[in-house]
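Asks: Starting from these lines, generate the structure:
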Amino acid sequence: MPYLALKIDVDTFRGTREGVPTLIQLLRRHQAGATFLFSLGPDHTGRAVKRALRPGFVKKVQRTSVVSHYGIKTLLYGTLLPGPDIGKKAADVLRATRDAGFEVGIHCWDHVKWQDGVGNANEAWTRAEFGKAVQRFTEVFGEPPRTHGAAGWQMNGTALALEGETGMDYASDGRGLHPFRPVWQGRELTVPQLPTTLPTLDELIGADGITEGNVADHLLRLTQAADRDHVYTLHAELEGGKLAPAFDRLLAGWKAQGYQLVATRTLFDSLDVASLPRHEIGWGEIPGRSGRLMVQGAPC
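Replies: Numbering: from 1, shown residues only. The predicted structure follows:
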């Protein structure tokens with residue numbers, strides 16, 4: 001039976017407090033595993049307003065109804081309202097997720113700062129931001145992190161190298177077709193990548209007649225062959241909120257298609273890492289998402 005690994009990005013304080021418990025209940029109902037990747041520092045979601053200048057971002061906001069999913073208060077954090085420290089104020093939720101049997105890992109320290117800044121950041125900036133996330137994770141869980149999934153699928157060469165320096169077993173930082181050993185600008189890295197292989201709900205809704213009501217059916221059509229493993233990225237703010245019914249249908253549908261619903265850790269443990277193909281990792285674009293992000297490139 002193929003694996004469908006569930007990777008859950010938790011971007012905000014509200015997503016941590018409200019979305020994560022909802023998702024845990026859904027996953028338990030379907031006896032599904034998952035990996036939760038937490039934002040561990042301040043919630044500065046309101047500062048994402050600067051993205052309005054990016055091509056395609058306004059259209060995405062209009063398509064996916066950002067206010068209804070995130071709430072007005074969250075969209076003011078870091079501007080008119082101080083951003084709550086997620087790792088401090090919601091540490092109980094983070095530990096409860098681990099105690100419920102789910103894998104936990106690092107998403108970032110400050111989601112907006114990382115997503116908007118890491119692509120052009122220098123080594124000092126990257127080490128500082130990554131280091132704060134590693135330190136907070138260790139404080140909350142009493143052990144170092146073993147996996148990382150980049151906020152907004154945004155990375156740079158220093159960040160990719162830091163995953164190896166800090167002892168990560170594997171990462172899921174980009175988009176692609178299958179697990180691989182990443183090569184960055186001619187240098188092979190030590191941490192294997194398990195890229196997201198399927199589109200996210202916010203990339204699909206509002207395009208080509210796809211709605212919140214039929215998005216699950218569309219995504220299930222993409223996986224109906226059930227002839228390969230997949231990694232699906234969901235967001236605590238979406239599938240743990242208004243899109244919970246769609247996610248519920250997805251879980252039931254994937255089980256009916258014959259998939260084992262697992263954490264990314266389970267998929268990683270099934271791999272012979274030494275035999276994974278080597279692929280470049282670099283910048284690319286994905287339909288439905290604005291800007292550049294990390295993608296699996298050509299074999300090498």
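Asks: Phi and psi next, for Leu234.
Replies: Per-residue torsions, Leu234: phi -120, psi 170 (degrees, to the nearest 10).
Asks: ok, it touching Lys7?
Replies: Yes: contact criterion C-beta atoms under 8 Å: Leu234 and Lys7 qualify, at 7.4 Å. (C-beta placed from N, C-alpha, C; glycine too.)
Asks: Under the pLDDT cut-off, which ranges of the stretch 51-200 of the chain? List them.
Replies: 51-72, 74, 76-78, 80 (pLDDT under 70).
Asks: Can you identify each of the strands in it by residue range?
Replies: If DSSP state E, counting those that start in this stretch is used as the criterion, the strands of the stretch 51-200 of the chain fall at 103-108, 147-148, 170-171, 181-184, 187-188.
Asks: partners of the helix or strand hosting Glu280, with directions?
Replies: For Glu280, the element it lies in under DSSP states H and E is strand 278-284. Using DSSP bridges, strand 278-284 pairs in its sheet with strand 181-184 (parallel), strand 293-299 (antiparallel).
Asks: circling back to that earlier point, do you know which of the strands of the stretch 51-200 of the chain lies nearest Lys132?
Replies: Judged by C-beta to C-beta, the one of the strands of the stretch 51-200 of the chain that comes nearest to Lys132 is strand 103-108, at 9.3 Å.
Asks: so how far is the closest one off the chain centroid?
Replies: Here strand 103-108 is found 9 Å from its chain centre; the criterion is C-alpha atoms, centre = their mean, to the nearest Å.
Asks: Same question for stretch 257-267.
Replies: 16 Å.
Asks: what comes into contact with that stretch?
Replies: Here stretch 257-267 makes contact (C-beta atoms under 8 Å, 6 or more residues apart in numbering) with 1-7, 27, 30-35, 102-103, 146-147, 169-170, 172, 179, 194, 220, 223-224, 226, 229-231, 251, 254-255.
Asks: send the alpha carbons of that stretch over as CSV?
Replies: The C-alpha trace of stretch 257-267 is given here as CSV (Å, rounded to 0.1, in the frame of the first residue of the first chain):
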residue,chain,number,x,y,z
GLN,A,257,-8.1,4.7,-2.5
GLY,A,258,-5.8,2.4,-0.5
TYR,A,259,-3.3,4.9,1.0
GLN,A,260,-1.7,4.5,4.4
LEU,A,261,-2.0,7.9,6.0
VAL,A,262,1.2,8.5,7.9
ALA,A,263,3.7,11.1,9.2
THR,A,264,6.5,12.1,6.9
ARG,A,265,8.7,10.3,9.4
THR,A,266,7.1,7.0,8.4
LEU,A,267,7.7,7.7,4.8
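Asks: Spatially, what comes nearest to Val295 if we skip its sequence neighbours?
Replies: In this structure, Val295 finds its nearest non-sequential neighbour in Gly284, 3.4 Å apart by C-beta to C-beta, 6 or more residues apart in numbering.
Asks: still on that earlier bit, got a quick ChimeraX command for the buried subset of the contacts of stretch 257-267?
Replies: In ChimeraX syntax, the buried subset of the contacts of stretch 257-267 is picked out as below (16 or more other C-beta atoms under 10 Å):
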select :2,3,4,5,6,7,27,32,33,34,35,102,103,146,147,169,170,172,179,194,220,223,229,230,231,251,254
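Asks: Next step: the contacts of stretch 257-267 restricted to helices.
Replies: Counting by DSSP state H, the part of these found in helices is 27, 220, 223, 251, 254-255.
Asks: Which one of the residues you listed is nearest to Thr200?
Replies: Nearest to Thr200 among these is Thr223, at 13.8 Å by C-beta to C-beta.
Asks: right, and that closest one touches Asp229 too?
Replies: No: Thr223 is beyond contact range of Asp229, at 10.6 Å (criterion: C-beta under 8 Å).
Asks: Need the overlap of contacts for these two.
Replies: With C-beta under 8 Å, 6+ apart as the test, Thr223 and Asp229 both reach Leu4.
Asks: any idea how far Val31 lies from Pro192?
Replies: One correction, residue 31 is Gln, not Val. 27 Å (C-beta to C-beta, to the nearest Å).
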